[in-house]
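Q: generate a structure from the sequence data that follows.
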Amino acid sequence: MDPKVEHFMAAIKAKNPSQPEFHQAVHEVAESLIPFIEEHPRYKHSKILERIAEPERVIIFRVPWINDKGEVEINRGFRIEMNSAIGPYKGGLRFHPTVNLGILKFLAFEQVFKNSLTTLPMGGGKGGSDFDPKGKSDNEVMRFCQSFMTELCRHIGPNTDIPAGDIGVGGREIGYLFGQYKRIRNEFTGVLTGKGLEWGGSVIRPEATGYGAVYFAQEMLSMKDDSLEGKVCVVSGSGNVAQFTTQKVNELGGKVVTLSDSAGFIYDPKGIDAEKLAWVMDLKNIRRGRIKEYAEEFGCEYHDGKRPWSVPCDVAFPSATENEIRKEDAETLVKNNCRVISEGANMPSTPEAIEIYQKNKLLFGPGKAANAGGVAVSGLEMTQNSMRLPWNRDEVDNRLHMIMKNIHATCVKYGSEGEYIDYVKGANIGGFVKVADAMLAQGVV
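A: Coordinates of the predicted model:
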């Protein structure tokens, strides 16, 4: 490790103990940025990276609610307002039992760079709770969301902090959260994104993260005069991101052969076509079942307790959760001649896996670049809310596609190393420069 990176990380770990995901995210960025900062003393003297790694505000609060048995339950709520140098805080809410301070700080830190890369005026934030919506009734989810928003509403606003959805927070949860915000604040504003189309949402928002990851993969392939046409694709997850990744791959002529959930994965060598995908959407979004049922319905393989990275493929879209591809998985992907990794999830590859990708010159789109489509369309939803005007599907999709092309171009600009493009370095430096210059212009605040 570079001694300067080692010294920087020692300070980060001392100040933020027991937060391994946050340490991992900061370390990955520091490796790219510290050499760059050494060449640009104005960033070094003002300690811009040290300031970006320190949240502007951390909010932790109690969330009491009553379950269907009439019993009181208590969860913990969080909002990390990381950086507002280029716009109001923007980032999702995650409801999952694994949510803790370190995970949310890693997500908020990544969000700062991701939002900057979109070129839209959005700062970075993240939030959520250790509440698990799985197995809860609609009324229990509603009561939890109302209690959560009762506290959160005093910290957010359309020009302050605009949350969105993330794992465990879909259209249902956003609706309950928005209803409570409106009830308490007596105002109808664009304070949340991912809203329903009837009440201020944007077309393409549910699809945006998955579509964006596919557009980014297509851009990487285009640098090699290639495309997704005819490519076999492995997708992890079976939620929102995985579903719409599959849909866009199909549209562009590729074939998705896997989906997964926390219990295991299915392998359908015939491909998950539009009809099968519609069945998956009903299973996951309406019936809230397990992906194992797909194997029973369509007569394909199900691998219990495993992830899909052993399946031979041309392109991989990790779209489930952080650190789902480890060193041995990356080695297997390389052995099976996978050429492209486009991250639909946040930090789904471990540092050791990324090292394998880069050593073998894979086209690797890191999450802060490849999955920025979701927050990009959230930004477009904010614009539509401010204008009080909706855009049609083609207009939003075209804007999303252009944003992903621009993000790719930024990564190429800062990450080119001869014939190889280091997309990690390109995304980190490209995202940093805009935020850093804004921070310098605004003084030490």
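Q: and Glu301, how close does it get to Val234?
A: 13 Å (C-beta to C-beta, to the nearest Å). For glycine as for every other residue, the C-beta is placed from the backbone atoms N, C-alpha and C.
Q: neighbour count winner among the two?
A: Of the pair Glu301 and Val234, Val234 is the one with more neighbours under other C-beta atoms under 10 Å, namely 27 against 13.
Q: the more buried one is in what secondary structure piece?
A: strand 232-235 (DSSP states H and E).
Q: longest strand of this structure?
A: Ranked by number of residues, the top strand in the chain under DSSP state E is strand 72-83.
Q: break the protein down into its structural domains.
A: Domain segmentation of the chain under automatic domain parsing yields 57-188, 208-365.
Q: can you tell me the strand partners of the strand holding Val234 and which way each runs?
A: Strand pairing for strand 232-235, using DSSP bridges, gives strand 255-261 (parallel), strand 315-317 (parallel).
Q: for the following helix or strand past it, which helices and strands make contact with it?
A: As assigned by DSSP H and E, the chain's next helix or strand after strand 232-235 is helix 240-251. Where contact means 3 or more C-beta pairs under 8 Å, 6 or more residues apart in numbering; DSSP states H and E, helix 240-251 is packed against helix 208-222, strand 232-235, strand 255-261, helix 274-281, strand 315-317.
Q: make a markdown table out of those and add distance to Ile354 and mean pLDDT.
A: Shown next, in a markdown table, are those (distance: least, C-beta to C-beta, whole Å; pLDDT from 0 to 100):
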| stretch | distance to Ile354 | mean pLDDT |
| --- | --- | --- |
| helix 208-222 | 15 | 98 |
| strand 232-235 | 17 | 98 |
| strand 255-261 | 21 | 98 |
| helix 274-281 | 29 | 98 |
| strand 315-317 | 13 | 98 |
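Q: reformat these as a markdown table; add distance to Thr332.
A: Below are these laid out as a markdown table (distance: least, C-beta to C-beta, whole Å):
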| stretch | distance to Thr332 |
| --- | --- |
| helix 208-222 | 19 |
| strand 232-235 | 11 |
| strand 255-261 | 13 |
| helix 274-281 | 25 |
| strand 315-317 | 10 |
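Q: so which of those is the most surrounded?
A: strand 315-317 (a mean of 31; mean count of other C-beta atoms under 10 Å).
Q: which residues does the helix or strand following that one contact?
A: Using DSSP H and E, the helix or strand that follows strand 315-317 in sequence is helix 327-335. Residues outside helix 327-335 that contact it (C-beta atoms under 8 Å, 6 or more residues apart in numbering): 307, 309-310, 313, 316, 325, 341, 349-350, 352-357, 360, 362.
Q: now swap in stretch 15-31 and tell me
A: Identification of contacts with stretch 15-31 by C-beta under 8 Å, 6+ apart yields 2, 5, 8-9, 12-13, 49, 53-54, 101-103, 105-106, 109-110, 113, 322-323, 347, 350-351, 354, 424, 428, 432.
Q: list the buried residues for that stretch?
A: Buried residues in stretch 15-31, defined by neighbour count with 16 or more other C-beta atoms under 10 Å: 16, 19, 21-31.
Q: send the alpha carbons of it over as PDB?
A: The C-alpha coordinates for stretch 15-31 follow below in PDB (Å, rounded to 0.1, in the frame of the first residue of the first chain):
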ATOM      1  CA  LYS A  15     -12.000   8.000  13.900                       C
ATOM      2  CA  ASN A  16     -14.500   5.400  12.600                       C
ATOM      3  CA  PRO A  17     -13.900   2.100  14.400                       C
ATOM      4  CA  SER A  18     -15.900  -1.000  13.600                       C
ATOM      5  CA  GLN A  19     -17.200   0.300  10.200                       C
ATOM      6  CA  PRO A  20     -15.500  -2.100   7.700                       C
ATOM      7  CA  GLU A  21     -17.800  -1.200   4.800                       C
ATOM      8  CA  PHE A  22     -17.100   2.500   5.200                       C
ATOM      9  CA  HIS A  23     -13.300   1.800   5.500                       C
ATOM     10  CA  GLN A  24     -13.500  -0.300   2.300                       C
ATOM     11  CA  ALA A  25     -15.300   2.400   0.300                       C
ATOM     12  CA  VAL A  26     -12.900   5.200   1.500                       C
ATOM     13  CA  HIS A  27      -9.900   3.000   0.800                       C
ATOM     14  CA  GLU A  28     -10.900   2.200  -2.800                       C
ATOM     15  CA  VAL A  29     -11.400   6.000  -3.500                       C
ATOM     16  CA  ALA A  30      -8.200   7.000  -1.600                       C
ATOM     17  CA  GLU A  31      -6.100   4.700  -3.800                       C
END
